[in-house]
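**Student:** Fold the following.
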Amino acid sequence: MILKHITHSKGAIGVLMVFFFLNTWSISRSFANNSAQVGPEIIFQILASEIALISGNVSSAVITYLDVASKTGDVGAAKRATELALAIRDHESALRAAEIWQKNDSEDMGASEAVKALYLVTGKNKKLIDKLIIEREKSRKKNTLESFYNEVNVLVSKSNNAASALNIFEKVSYKDRSRPEVMYSRAMLHYRKGDKDKMENILRSLVKKKPDHVQALNALGYSMADANNNLNEAFDLIKAALTFAPQDPHIIDSMGWVYFRLGQLEMAEEWLEKAFSRQPDAEISAHYGEVLWNLSRKEDAIQIWRIGFNKEPNNAILLETVDRLKVHIDKLKGNVQD
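**Tutor:** Numbers count the residues shown, from 1 in each chain. Got it, this is the predicted structure:
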């Protein structure tokens with residue numbers, strides 16, 4: 001298995017909601033340090049917003065809170081407008097509010113992360129790239145480029161547009177192409193875009209440069225096994241990855257999958273059962289279930305797939321597996337014990 005956070009997108013809105021919790025803004029506290037700007041009109045607008053919320057008119061409340069934030073620069077109003085706009089998927093309003101929030105509280109990382117994610121969601125790639133380049137240079141001075149690039153990769157991987165995600169990352173990382181974390185992220189983004197040859201070329205260069213890069217060893221070996229190509233080399237790569245991370249369920253899954261491709265079903269079952277016991281997610285369940293299916297243990301396979309489906313019903317690998325094996329999706333729904 002290639003690490004999930006690289007290959008499976010949940011959508012950028014999932015990143016955003018981490019930063020917001022409904023009903024966290026206290027009106028009186030929010031304006032305590034901003035009293036000079038609070039007059040009867042502002043108080044009336046706040047009360048009108050809360051009344052609108054009570055009556056279910058979230059759009060009206062967003063407009064009013066955004067207006068208050070624009071007039072006063074109040075962080076509480078801006079955060080409130082952001083969270084409410086996100087709740088109704090009004091991303092443009094959420095972005096305007098988040099920008100006010102960030103402008104008036106530049107130390108709040110939540111504001112910065114929200115703005116970046118909203119740039120991504122709304123397709124404002126130029127603004128996102130410009131902001132990330134500024135952050136890149138700050139990270140360079142702090143000697144934190146590795147974590148910076150890992151965070152950028154996670155962010156852009158949430159995009160529904162694989163080509164756009166790759167383009168953003170390429171433009172932000174062009175000065176640091178030889179860094180291992182940049183090489184790995186570029187390879188995974190090429191993989192997601194469907195360019196497996198490019199991914200393989202980058203990973204080969206990375207493994208040559210850094211032979212102990214566990215993720216690169218595993219990703220390269222798994223991609224070969226999944227394509228049913230160069231299986232002996234794939235086995236050696238995954239075996240090497242296991243020497244560095246013997247308990248990693250993703251790498252254990254990869255070893256099970258290469259055994260399956262080699263036709264060694266009993267060994268495949270042993271490794272995949274071990275991977276599934278450590279991490280019973282949808283992708284591992286897809287692999288484990290397919291091995292059980294080929295061992296004529298079809299009811300056991302469906303039970304394993306059902307567990308994965310209940311955790312992640314939209315997982316592309318699991319859905320492709322059951323469709324290819326002509327298993328009706330309804331068999332995966334319902335209680336795991338059925």
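**Student:** how's the protein carved up into domains?
**Tutor:** According to automatic domain parsing, the chain comprises the domains 7-121, 123-210.
**Student:** Quick one: the ones you listed as TSV, columns for mean neighbour count too.
**Tutor:** No exception for glycine: its C-beta is placed from N, CA and C like everyone else's. Below are these laid out as TSV (neighbours: other CB atoms under 10 Å):
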stretch	mean neighbour count
domain 7-121	19
domain 123-210	18
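**Student:** Name the secondary structure element that contains the spatially closest residue to K239 that is not a sequence neighbour.
**Tutor:** In space, and not counting its chain neighbours, K239 is closest to M255: 7.3 Å by CB to CB, 6 or more residues apart in numbering. M255 belongs to helix 249-261 when assigned by DSSP states H and E.
**Student:** is it true that the residue nearest to K239 touches A240?
**Tutor:** No: applying CB atoms under 8 Å, one finds M255 not in contact with A240, separated by 11.0 Å.
**Student:** So for the two, which residue has more residues nearby?
**Tutor:** M255 (26 against 18; other CB atoms under 10 Å).
**Student:** tell me the contacts of that one?
**Tutor:** Listed by CB atoms under 8 Å, 6 or more residues apart in numbering, the contact partners of M255 are F235, I238, K239, L242, W271.
**Student:** Tell me how far it lies from D226.
**Tutor:** 13 Å (CB to CB, to the nearest Å).
**Student:** Determine the number of other residues adjacent to the closest residue to L237 other than its chain neighbours.
**Tutor:** Distances taken as CB to CB, 6+ apart place G221 nearest to L237, at 3.3 Å, with adjacent residues excluded. For G221, the neighbour count with other CB under 10 Å is 30.
**Student:** just the angle between whatever helix or strand G221 lives in and helix 249-261, please?
**Tutor:** Under the criterion of DSSP H and E, G221 resides in helix 214-226. Between helix 214-226 and helix 249-261, the angle comes out at 20 degrees (axes from the mean of the first three to the mean of the last three CA atoms, to 10 degrees).
**Student:** For helix 214-226, what does the pLDDT average out to?
**Tutor:** Helix 214-226 shows a mean pLDDT of 96.
**Student:** and for it, what are the contacting residues?
**Tutor:** Taking CB under 8 Å, 6+ apart as the rule, helix 214-226 contacts 1-3, 180, 183-184, 187-188, 191, 196, 199-200, 203-204, 206-207, 210, 230-231, 233-238, 240-241, 244-245, 248, 250-251, 254, 257-258, 261.
**Student:** In CSV, list the C-alpha atoms belonging to that helix.
**Tutor:** This file holds the C-alpha atoms of helix 214-226, laid out as CSV (Å, rounded to 0.1, in the frame of the first residue of the first chain):
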residue,chain,number,x,y,z
VAL,A,214,11.2,3.7,3.8
GLN,A,215,8.3,5.3,2.0
ALA,A,216,10.1,5.4,-1.3
LEU,A,217,11.1,1.8,-1.1
ASN,A,218,7.5,0.8,-0.2
ALA,A,219,5.8,3.0,-2.8
LEU,A,220,8.0,1.8,-5.6
GLY,A,221,7.7,-1.9,-4.7
TYR,A,222,3.9,-1.6,-4.2
SER,A,223,3.3,0.2,-7.5
MET,A,224,5.2,-2.5,-9.3
ALA,A,225,3.3,-5.3,-7.5
ASP,A,226,0.0,-3.5,-8.2
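**Student:** in it, what counts as buried?
**Tutor:** Under the neighbour-count criterion of 16 or more other CB atoms under 10 Å, helix 214-226 has 214-226 buried.
**Student:** will you turn the residues you listed into JSON lines that also has distance to Y149?
**Tutor:** Below are the buried residues of helix 214-226 laid out as JSON lines (distance: CB to CB, whole Å):
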{"residue": "V214", "distance to Y149": "17"}
{"residue": "Q215", "distance to Y149": "13"}
{"residue": "A216", "distance to Y149": "15"}
{"residue": "L217", "distance to Y149": "19"}
{"residue": "N218", "distance to Y149": "19"}
{"residue": "A219", "distance to Y149": "16"}
{"residue": "L220", "distance to Y149": "19"}
{"residue": "G221", "distance to Y149": "23"}
{"residue": "Y222", "distance to Y149": "22"}
{"residue": "S223", "distance to Y149": "21"}
{"residue": "M224", "distance to Y149": "25"}
{"residue": "A225", "distance to Y149": "27"}
{"residue": "D226", "distance to Y149": "26"}
